[in-house]
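**Q** here are the coordinates; sequence isn't available:
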């Protein structure tokens, strides 16, 4: 397979140049505007792929080894195309990983395979490139200052670096799996966040695990009058659990209901799911929750959100002044870097994780080791166990 870039003032001109040189089989795989350094070559870089030799080999092998049930001894054209596409994806993925490793290498010296692979692994988990570079560099420094214990085999050296990477990553993670503000009683917890983040089910999980399980009197409050039957859903949960429930349609009613339930040990407040542009319309609720020093506000967000969208949503809820972040739906993503990115960016600790709809099982207190495991694909715990 042959991959080549052409520079031209338009994508069409680049394609024309490629087909003149490579023939009509040339296929466009990417195009982008050129950088400042290569602008003199043309406005666009056009990436072309062709594989005439491989196609010929496929044709020959199809004649020599006719597939079962295929007349004429030739492989179906769709099968050959699928094989070509699969091979192309494999080679492009290899190029991407190679380019990611190269992106880490400092200009003054080449990076070792362990360091380059660690950087590529973090970026593949969607850790921000600058943060990933900082973590890997700090891991290298951490390893350099650690006692080596004599000569090291290459495999043992790699394992030591992986342990240093896991330790450095965990040191960047801040967790506070707590409910309530200082010693205030009752402990009052409010959950805020966008629609569909899982606030209501998370609130019920917290009430069961940290209220009922400890035989603490609990009451559930709902301020959600936006979503159809939202309050009824929470009322049903309360009935099943045998705890009190109140729907408060105004901020004044919410304040009064809190005062009336001062005898409870834990008060949980469910709020409406708000889109980024709707927060300003709930100024009364924003002012109430952000102004009360006895209310512990957690922001609930889905871990499957992209980093850019996650940052935008968290910024929009900053008016509520949430103290901690709860990430839900860990079972719906394979990239956990955005959780770390947002915690580091905002300086807000992580409080709880959820990974499913089961109540109360699918809730866990956030921990450094757990998130490091998720980002590193389970390597963290294995390395520390080996150590």
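**A** All right, it came through fine. These numbers were taken from a predicted model, which means no experiment stands behind them.
**Q** use CA for all of it now, contacts and neighbours both
**A** Fine.
**Q** all the strands of the stretch 1-150 of the chain, residue numbers only.
**A** 2-8, 27-33, 44-50 (DSSP state E, counting those that start in this stretch).
**Q** quick one: strands adjacent to the second one?
**A** Pairing partners of strand 27-33, with direction, according to DSSP bridges: strand 44-50 (antiparallel).
**Q** same check, this time on the first one
**A** For strand 2-8, the paired strands and their directions (DSSP bridges) are strand 44-50 (antiparallel).
**Q** just how off-centre is the strand it pairs with within its chain?
**A** Its chain's C-alpha centre and that of strand 44-50 lie 31 Å apart, by CA atoms, centre = their mean, to the nearest Å.
**Q** just the residues contacting that strand, thanks.
**A** 1-11, 14-15, 18, 22, 25-34 (CA atoms under 8 Å, 6 or more residues apart in numbering).
**Q** again, only this time at 6 Å
**A** 1-9, 14, 26-34 (CA atoms under 6 Å, 6 or more residues apart in numbering).
**Q** report the buried members of those.
**A** 3, 5-9, 14, 26-28, 31, 33-34 (16 or more other CA atoms under 10 Å).
**Q** and these as JSON lines, adding distance to residue 164 and pLDDT?
**A** As requested, the buried ones among the contacts of strand 44-50 are arranged in JSON lines below (distance: CA to CA, whole Å; pLDDT from 0 to 100):
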{"residue": "3", "distance to residue 164": "38", "pLDDT": "72"}
{"residue": "5", "distance to residue 164": "40", "pLDDT": "82"}
{"residue": "6", "distance to residue 164": "43", "pLDDT": "83"}
{"residue": "7", "distance to residue 164": "44", "pLDDT": "86"}
{"residue": "8", "distance to residue 164": "47", "pLDDT": "87"}
{"residue": "9", "distance to residue 164": "48", "pLDDT": "87"}
{"residue": "14", "distance to residue 164": "47", "pLDDT": "83"}
{"residue": "26", "distance to residue 164": "46", "pLDDT": "78"}
{"residue": "27", "distance to residue 164": "44", "pLDDT": "77"}
{"residue": "28", "distance to residue 164": "42", "pLDDT": "76"}
{"residue": "31", "distance to residue 164": "39", "pLDDT": "77"}
{"residue": "33", "distance to residue 164": "39", "pLDDT": "82"}
{"residue": "34", "distance to residue 164": "39", "pLDDT": "80"}
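**Q** return the closest of those residues with respect to residue 313.
**A** residue 33 (30.2 Å; CA to CA).
**Q** give me the nearest residue to the closest one, chain neighbours excluded.
**A** Distances taken as CA to CA, 6 or more residues apart in numbering put residue 44 closest to residue 33, at 4.4 Å, once the chain neighbours are dropped.
**Q** what do you get for residue 265?
**A** residue 186 (4.6 Å).
**Q** tally up the residues packed near the one you found, please.
**A** Residue 186 has 21 neighbours, counted by other CA atoms under 10 Å.
**Q** hmm, residue 263 and it touching each other?
**A** No - using CA atoms under 6 Å, residue 186 is not in contact with residue 263; the gap is 7.3 Å.
**Q** quick one: neighbours of residue 10, just the number.
**A** Residue 10: 15 neighbours (other CA under 10 Å).
**Q** quick check: bridge partners of the nearest residue to it once chain neighbours are set aside?
**A** With sequence-adjacent residues excluded and distances taken as CA to CA, 6+ apart, residue 10 is closest to residue 44, at 6.0 Å. Following DSSP bridges, residue 44 is listed with bridge partners residue 8, residue 33.
**Q** for the closest residue in space to residue 264 that isn't next to it in sequence, give its distance to residue 206.
**A** Nearest residue to residue 264, sequence neighbours excluded (CA to CA, 6+ apart): residue 217, at 5.1 Å. For residue 217, the distance to residue 206 equals 13 Å [CA to CA, to the nearest Å].
**Q** what do you get for residue 354?
**A** Taken as CA to CA, the span from residue 354 to residue 206 is 10 Å.
**Q** walk me through the domains of this structure.
**A** Residue ranges for the domains of the chain, per automatic domain parsing: 2-102, 113-171, 187-366.
**Q** lowest mean pLDDT across those, which one is that?
**A** Ranked on mean pLDDT, the bottom entry among the domains of the chain is domain 2-102, at a mean of 66.
**Q** neighbour count for residue 217 and residue 206, which is higher?
**A** Taking other CA under 10 Å, residue 217 and residue 206 do not tie; residue 206 has more neighbours (21 against 16).
**Q** would that one count as being in a helix?
**A** Yes - counting by DSSP: H, G, I helix; E, B strand; the rest coil, residue 206 falls inside a helix.
**Q** which SS class is residue 183?
**A** Quick answer, by three-state DSSP: residue 183 is coil.
**Q** helices along the stretch 101-250 of the chain, start to end?
**A** Counting by DSSP state H, counting those that start in this stretch, the segments of the stretch 101-250 of the chain that form helices are 113-124, 129-145, 154-171, 199-210, 230-241.
**Q** dump those into a markdown table; add distance to residue 302 as well.
**A** Below are the helices of the stretch 101-250 of the chain laid out as a markdown table (distance: least, CA to CA, whole Å):
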| stretch | distance to residue 302 |
| --- | --- |
| helix 113-124 | 19 |
| helix 129-145 | 21 |
| helix 154-171 | 21 |
| helix 199-210 | 10 |
| helix 230-241 | 19 |
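**Q** go through those and name the closest to residue 308.
**A** Checking the helices of the stretch 101-250 of the chain against residue 308 by CA to CA gives helix 129-145 as the closest, at 13.5 Å.
**Q** could you check the angle helix 113-124 makes with the closest one?
**A** Relative orientation of helix 129-145 versus helix 113-124 (axes from the mean of the first three to the mean of the last three CA atoms, to 10 degrees): 150 degrees.
**Q** can you give me the strands in the stretch 201-350 of the chain?
**A** Secondary structure of the stretch 201-350 of the chain (DSSP E, counting those that start in this stretch): strands located at 218-222, 244-247, 266-270, 295-302, 324-328, 350-354.
**Q** perfect, I'm done here.
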